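A.B. asks: let's see this in three dimensions:
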Amino acid sequence: MTSTGCVHGPGYYGPPSHRHYYPHYYDYYYYPHAHVYFQFTTGVYFYLDGGVWIKTRVLPPHIHIDAGNRVRIRVESDKPYLRHNEHVRVYKSEPNYRVDVERSRKEREANQRWYQEYQKQTPKGRKKKERY
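C.D. replies: Residues are numbered from 1 along each chain as shown. This next block holds a predicted model:
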């Protein structure tokens, strides 16, 4: 009589019977009035232009953002716009919001400073020069 199955003895070191999923979260500022996302760690903006999401470090001048009308969100994707419909529903723009060009300029500068400070505090794996 022969057995037709796969039996693993105590010395089996195959893949685990289950895998753990540890989500990676990304933090953003979301500006509901402008439908713009700003990612802290990369200094990148995402904005909607003609039905297409654009990724850039510098927003076009016709898009205005305001610190007084933003929310901080955390999502499990480096593409926050994938859940944009949910964000629009949950985070409503301030009623009677008016664009203030000066405040928008200050917010852009503040975001740039924030990103630069973040980069100073988290150096990218620099290799030390080895001497022989």
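
A.B. asks: longest single helix anywhere in this protein?
C.D. replies: Secondary structure of the chain read by DSSP state H shows that its longest helix is helix 101-121.

A.B. asks: quick check, pLDDT for the most centrally placed residue in the chain.
C.D. replies: In the chain, the residue lying closest to the centroid (C-alpha atoms, centre = their mean) is Y26, at 4.1 Å. With respect to pLDDT, Y26 scores 92.

A.B. asks: what does T2 give?
C.D. replies: Listed pLDDT for T2 reads 53.

A.B. asks: ok, now K79?
C.D. replies: In this prediction K79 is given a pLDDT of 94.

A.B. asks: what do you get for Y21?
C.D. replies: Looking at Y21, the pLDDT reads 60.

A.B. asks: equivalent analysis for Q112, please.
C.D. replies: With respect to pLDDT, Q112 scores 91.

A.B. asks: confidence-wise, which helix or strand of the chain is lowest on average?
C.D. replies: The least trusted helix or strand in the chain, going by mean pLDDT, DSSP states H and E, turns out to be helix 101-121, with a mean of 89.

A.B. asks: what does that helix rub up against?
C.D. replies: 29, 38, 40-43, 59, 64-68, 70 (C-beta atoms under 8 Å, 6 or more residues apart in numbering). From N, CA and C alone the C-beta is placed, and that goes for glycine too.

A.B. asks: can I get the longest helix of the chain in CSV? Just the C-alpha atoms.
C.D. replies: Extracted C-alpha coordinates of helix 101-121, given in CSV (Å, rounded to 0.1, in the frame of the first residue of the first chain):
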residue,chain,number,x,y,z
VAL,A,101,-3.5,84.2,-3.3
GLU,A,102,-1.1,85.4,-0.5
ARG,A,103,-2.2,82.6,1.8
SER,A,104,-1.7,80.1,-1.0
ARG,A,105,1.8,81.3,-1.6
LYS,A,106,2.6,81.1,2.1
GLU,A,107,1.2,77.5,2.3
ARG,A,108,3.3,76.4,-0.7
GLU,A,109,6.4,77.8,1.0
ALA,A,110,5.6,76.2,4.3
ASN,A,111,5.1,72.8,2.6
GLN,A,112,8.5,73.2,0.9
ARG,A,113,10.2,74.1,4.1
TRP,A,114,8.5,71.2,5.9
TYR,A,115,9.7,68.8,3.2
GLN,A,116,13.3,70.2,3.3
GLU,A,117,13.4,69.8,7.1
TYR,A,118,12.1,66.3,6.8
GLN,A,119,14.8,65.4,4.3
LYS,A,120,17.5,66.8,6.7
GLN,A,121,16.2,64.6,9.6
